[in-house]
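J.: quick one, what's the 3D model for this:
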Amino acid sequence: MTRLITYASTLILATALCPNAIANEIVFKPLSSAPKSADEAFFKVTDGEAKIEGHVLKLLVVKPDYLTASYKNDSKKTLFPQYTVRTYNRYGYLLASDKVGASIIGGSPVLEAGDVGGEKITLDVVDIAGVFKHTLQKLPSDFFNVTWVSLADSNTKLAKQDGGEKTATHPETK
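T.: Residues are numbered from 1 along each chain as shown. Model (predicted):
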């Protein structure tokens, strides 16, 4: 009887302190919309693809440890696509990232005006399973599914010019 009273009081105390965790046995809450950031532009992943609008980068096909990027240079200038790409799950956790076009070896393709192109981007995957290895928290079954892709530090964004012409912005060379 004493054990039953102790168990019941523990359960009531735990429910009062942490009602969501007890009721749902889930600590992770899905985001209702894309994460907000002044430094990153977020794009929804649907059926393994993120359609990118307003950029020379048009489409990212999402795989577990790499992305396939497709480009179409709608501007009138030659462009070497450079950007940081990150993948997030529906809970807002960073899953993987890569800085594209930054290295001399394996850099992005040269896109002349009107060119189309593509490349495979190998991602640096975050060891989230390792982070939660020694905790009692259970990861949801969809935790490693990519829901959002973000672009930052990008020179692929298309900007409108005076004559309505689109040009990609890119850093000046010295």
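
J.: so what's P30 up against?
T.: R90, Y91 (C-beta atoms under 8 Å, 6 or more residues apart in numbering). Quick note: C-beta positions are derived from backbone N, CA and C, even for glycine.

J.: what's the burial count for I121?
T.: I121: 20 surrounding residues under other C-beta atoms under 10 Å.

J.: right, and it touches D65 too?
T.: No: taking contacts as C-beta atoms under 8 Å, I121 lies outside contact range of D65: 10.1 Å.

J.: from L123, how far off is the most centrally placed residue in the chain?
T.: Using C-alpha atoms, centre = their mean, the residue of the chain that lies closest to the mean C-alpha position is T87, 2.3 Å off. Using C-beta to C-beta, to the nearest Å, T87 is found at 7 Å from L123.

J.: name the residues contacting each of these two.
T.: Joint contacts of T87 and L123 (C-beta under 8 Å, 6+ apart) are L67, A96, S97.

J.: tell me who's in contact with the closest residue to the second one other than its chain neighbours.
T.: Which is A96. Leaving aside its chain neighbours, A96 sits nearest to L123 (3.7 Å; criterion: C-beta to C-beta, 6 or more residues apart in numbering). If you count contacts by C-beta under 8 Å, 6+ apart, L123 has them with D65, Y66, L67, V85, T87, A96, S97, D98.

J.: since we're on the closest residue to the second one other than its chain neighbours, how many residues are nearby?
T.: In space, and not counting its chain neighbours, Y66 is closest to T122: 5.1 Å by C-beta to C-beta, 6+ apart. Other residues near T122 come to 11 when the count uses other C-beta under 10 Å.
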